[in-house]
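Enquirer: next come a sequence and a model predicted from it.
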There are 2 protein chains.
Amino acid sequence: MNYLNNFNIDTIKVIDKSEYPTKGQKKNKITEDIDNLFKELDIKDGYVLSFHHHLRNGDQVTNLIMKQVQKLGVKDITLVASSLFPTNKELIPLLKDGTIKNVVTSYISGELGEAISHGELKGNIIMQSHGGRARSIINGELKIDVAFIASPSSDNKGNISGVNGTNSCGSMGYAIADSMMAEKVVAVTDSLVEYPNYPTDITEDYVDHILLVDSIGLKSGIVSGTTQVTKDPIGLKIAKDTLKVMEASGLLKEGFSYQSGAGGISLAVTSFLRDYMIENELKGGFASGGITGYLTDMLEEGLFESLYDVQCFDLEAIESLKKNPTHLRMSASQYGNPEVSAVVDNLDIVILGATEIDTDFNVNVMTGSHGMLMGGSGGHQDTAAGSKLSIIVSKLFSSRIPLIKDKVDVITTPGTTVDVLVTERGICVNPLRQDLIELFEEAKLNIVDIKELKEYSENIMGKAKPIEKTDRIIGVSEYRDGSILDYIYEVK
Amino acid sequence: MNYLNNFNIDTIKVIDKSEYPTKGQKKNKITEDIDNLFKELDIKDGYVLSFHHHLRNGDQVTNLIMKQVQKLGVKDITLVASSLFPTNKELIPLLKDGTIKNVVTSYISGELGEAISHGELKGNIIMQSHGGRARSIINGELKIDVAFIASPSSDNKGNISGVNGTNSCGSMGYAIADSMMAEKVVAVTDSLVEYPNYPTDITEDYVDHILLVDSIGLKSGIVSGTTQVTKDPIGLKIAKDTLKVMEASGLLKEGFSYQSGAGGISLAVTSFLRDYMIENELKGGFASGGITGYLTDMLEEGLFESLYDVQCFDLEAIESLKKNPTHLRMSASQYGNPEVSAVVDNLDIVILGATEIDTDFNVNVMTGSHGMLMGGSGGHQDTAAGSKLSIIVSKLFSSRIPLIKDKVDVITTPGTTVDVLVTERGICVNPLRQDLIELFEEAKLNIVDIKELKEYSENIMGKAKPIEKTDRIIGVSEYRDGSILDYIYEVK
């Protein structure tokens, strides 16, 4: 009953004793029979199915489930995957035969992205940020019919833990919104453990079915291949200069908070930061984001008070999550949902990469030099917007392709939220941040105008060749608040 | 946008660069100014306001907030409090002046309950179970406008922890649904701590405002007064016989799960169970519910594998929650929501009390001998329905008032979910459980017919005097699934 509007004490009826409940155990949730499970799920044309990417390129669940959908002849599925990896190239035939109509994701790499760029989707691709994805699911805009949660371990009631099981992945932050909001939730696991399974990332009250499979993933693919500090001297110089920028900003003080991506230069910044903190006896507050062993080391050394972990990038991070009580899990919503107060809003400094940047500091991390989809915002938009200081670290050229352009191919992150670009030829500061320019001038940093740096790089390599595209819009780059930043065009 | 229905790639518009977001910190959530906060909340006549009862009789938040509502002249509030205690007698004037119109709760004791029984509410009282409350909030039937969360500690963003702060209460299971579903959430705290506050019971993404007050509670009232093993020899005999019932049921085997209330006889059962488990080298799975030091001792002795804690009854429980990783928090939904798989569904044995029971095993724990509200289901309905074996432990008389009646005053828990009654004069088994009758006969337990036991007790004390009530229905006893079990009448 609706307690406010329909509650009328004069007409309300007491149930008859013949209708009293019978004691009874609820039905068994577990099955190994995918055919029977799909009968029960009754997935129809046009359904929205969701997946998470905590198993990264080792994930076997998305392909397995989507092939079952294909087998049943269901069409026009909207695939909502928090990210897609090279392993998902197996889904290309499902674009061609109409099983998958639309894709909503935050990151896509590999041949599937190329196929989509070549126009293979009957519908569209919507590229969201991690926080934007959580926003759209939590606020009900993006309604998920069935969420399939790859689960490193589950008990017989669906308590899911990311740190137990053969294919452990650590924090499961990107799957939380899906598990809370989807009409039906299926835990897909290869590791059935005793009740109750803890520490619990997703509790049984959110799980309707448990599908037991031989393997949810390949351990070798779960751990990211990107988590190594760069050895390139140019990259190391950029990282060193980035530390100078951080210092000059005045933000590097007791209790500061920090996030960096897992690219080689970003990790080098973290490594130099560690040395700096030890030397200066500086202790930070929290570090956040996808967590690597570099950060868990710093936690254990007492350099950071706590870690906020939405996703573990390596085995060290998973081990730390198991044992360190100050290594905290966070959901994607808690991380970056712009409609709530989120961890990114408390961030002092974030270090980010870029594929392209324009002279208004708009960044593209979504498409590569041929215009093909090969990335996505992930947390880029969210951390740039939430942090006090967002720094892009990048070399001026990548495989002879210049970083700085008049106009980036697809805007992933609006320049109004990007503060500083650090390159090997100098530091560009967004003119919106006069406060930073003053501080950096005082610190005698090598500030250069981004337009001049663009001209410099064009003088060396020439302008980038324009990308050959058709007139057909195949999707959009969505901002974290749901507005549309840019179109994505079909590539010839 | 709705990705399914309204997404039209041909008409979708990219935002103009002039509309790009500006970087900016979100607004400050903290205030000490209750008047200003209430201006912002703009609470209107007829609003639904919610509170939790983790501070029990020491809670000062419900009274404080409701008096502010009264001061502003707002009327017809529906007060949704997970439980109400003697301290809430301060709200009686707010019934009389129409500030509070309806009350929705799971337990009420003290003068406020008596005032409501005497018809002081303009509207109605709806008595829910803990699981039923979570159900109605989570599924959207019970819409909360503002949830005021008494918070033992919070940081400046609203990360709430129940184990930190002066007035720590431990697990905050009853506040989770409110924090997730209310339109606005206010953390009311007397202990502002550094960001991030962990372990976190409610995360910042669910909290809109933080109200800083001098004190949220009185420590002396937070810990329940009921958590002592009975010393009464009759109570101890009942407890011993209850252990025999448990043994004869065949459920006391490796990995069994267990819950008991915090009444004196229930605690004595737990105490005898501990001796039994040590003697028989028996190890249980989980114990659940409101957690006491008796259970945390057993956890630390290795007698239980884990604890599922929705509410801490004493300081030992709070301390254990801080330090034992196998002492797990659970939300009220996870505990007992009948629309999801919940912990109660995994329960082997539950030990419960009763104020009255009828010959169909229907139980009243809501009203006392004068018909006055003095309790409520709490988890009674939920655990009786979910468990494999629900046992009521009670003496045949309480202050010369007989336990067994032809008809209980208000049905709190349907007899179809109550399996066994253990009294000092024998053990009654619900005829629906022929399986148990056979097992108990085999074990030569003293089984008596509940009708005969009723006659026996009436022969000694006479029938209970009928309670004098008017014809006016003032509320209902709701079953956990939302159906209505019984009316609650005004007492003369």
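Expert: Alright, I've got the coordinates. Residues are numbered from 1 along each chain as shown, chains lettered A, B, ... in the order given.
Enquirer: going forward, measure contacts between C-alpha atoms and count neighbours the same way
Expert: Fine.
Enquirer: just confirm A:Leu373 contacts A:Val365, I think it does.
Expert: No. Taking CA atoms under 8 Å as the definition, A:Leu373 is not a contact partner of A:Val365, at 9.2 Å.
Enquirer: residues from the stretch 351-492 of chain A in reach of chain B?
Expert: A:385-386, A:388, A:414, A:416-417, A:473-475, A:482-487 (CA under 8 Å from any CA of the partner chain).
Enquirer: hang on, A:Leu321 packs against A:Met330?
Expert: No. Applying CA under 8 Å as the test, A:Leu321 and A:Met330 come out as separate, 11.6 Å apart.
Enquirer: need the residues touching each of those two.
Expert: Taking CA atoms under 8 Å, 6 or more residues apart in numbering or on different chains as the contact rule, A:Leu321 and A:Met330 both touch A:Ser171.
Enquirer: quick one, what contacts A:Tyr276?
Expert: A:Leu282.
Enquirer: which element is it on?
Expert: helix A:264-279 (DSSP states H and E).
Enquirer: tell me the helix or strand right after that helix.
Expert: strand A:284-291.
Enquirer: describe which strands that next one pairs with in its sheet and in which direction.
Expert: strand A:258-260 (parallel), strand A:304-312 (parallel) (DSSP bridges).
Enquirer: adding mean neighbour count and mean pLDDT, write the ones you listed out as JSON lines.
Expert: Output for those, formatted as JSON lines (neighbours: other CA atoms under 10 Å in any protein chain shown; pLDDT from 0 to 100):
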{"stretch": "strand A:258-260", "mean neighbour count": "25", "mean pLDDT": "97"}
{"stretch": "strand A:304-312", "mean neighbour count": "26", "mean pLDDT": "97"}
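Enquirer: A:Ile460 belongs to a helix, doesn't it?
Expert: Yes. Counting by DSSP: H, G, I helix; E, B strand; the rest coil, one finds A:Ile460 located in a helix.
Enquirer: tell me, how many residues neighbour it?
Expert: As a burial measure, A:Ile460 scores 10 neighbours (other CA atoms under 10 Å in any protein chain shown).
Enquirer: can you tell me the closest non-neighbouring residue to A:Leu252?
Expert: A:Met246 (6.4 Å; CA to CA, 6 or more residues apart in numbering or on different chains).
Enquirer: wait, is that neighbour part of a helix?
Expert: Yes. According to three-state DSSP, A:Met246 belongs to a helix.
Enquirer: neighbours around it, how many?
Expert: Counted with other CA under 10 Å, A:Met246 comes out at 20.
Enquirer: any idea how far it lies from A:Asp481?
Expert: Distance from A:Met246 to A:Asp481, counting by CA to CA, to the nearest Å: 28 Å.
Enquirer: show me chain A divided up by domain.
Expert: Chain A breaks down by automatic domain parsing into domains covering A:30-222, A:233-469.
Enquirer: quick one: closest of these to B:Gln381.
Expert: domain A:30-222 (18.0 Å; CA to CA).
Enquirer: mind checking how far stretch A:156-171 is from the chain centre?
Expert: 19 Å (CA atoms, centre = their mean, to the nearest Å).
Enquirer: oh, I was asking about stretch A:344-357
Expert: 13 Å.
Enquirer: now stretch A:381-391
Expert: Its chain's C-alpha centre and that of stretch A:381-391 lie 15 Å apart, by CA atoms, centre = their mean.
Enquirer: just the CA coordinates of that stretch, formatted as PDB?
Expert: Provided in PDB are the C-alpha atoms of stretch A:381-391 (Å, rounded to 0.1, in the frame of the first residue of the first chain):
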ATOM      1  CA  GLN A 381      35.900  13.600 -17.200                       C
ATOM      2  CA  ASP A 382      35.000  12.900 -13.600                       C
ATOM      3  CA  THR A 383      38.400  13.600 -12.000                       C
ATOM      4  CA  ALA A 384      39.100  16.600 -14.300                       C
ATOM      5  CA  ALA A 385      35.900  18.200 -13.200                       C
ATOM      6  CA  GLY A 386      36.100  17.300  -9.500                       C
ATOM      7  CA  SER A 387      39.800  17.900  -8.800                       C
ATOM      8  CA  LYS A 388      41.400  21.200  -7.700                       C
ATOM      9  CA  LEU A 389      44.200  20.600 -10.200                       C
ATOM     10  CA  SER A 390      43.900  18.400 -13.300                       C
ATOM     11  CA  ILE A 391      47.200  17.900 -15.100                       C
END
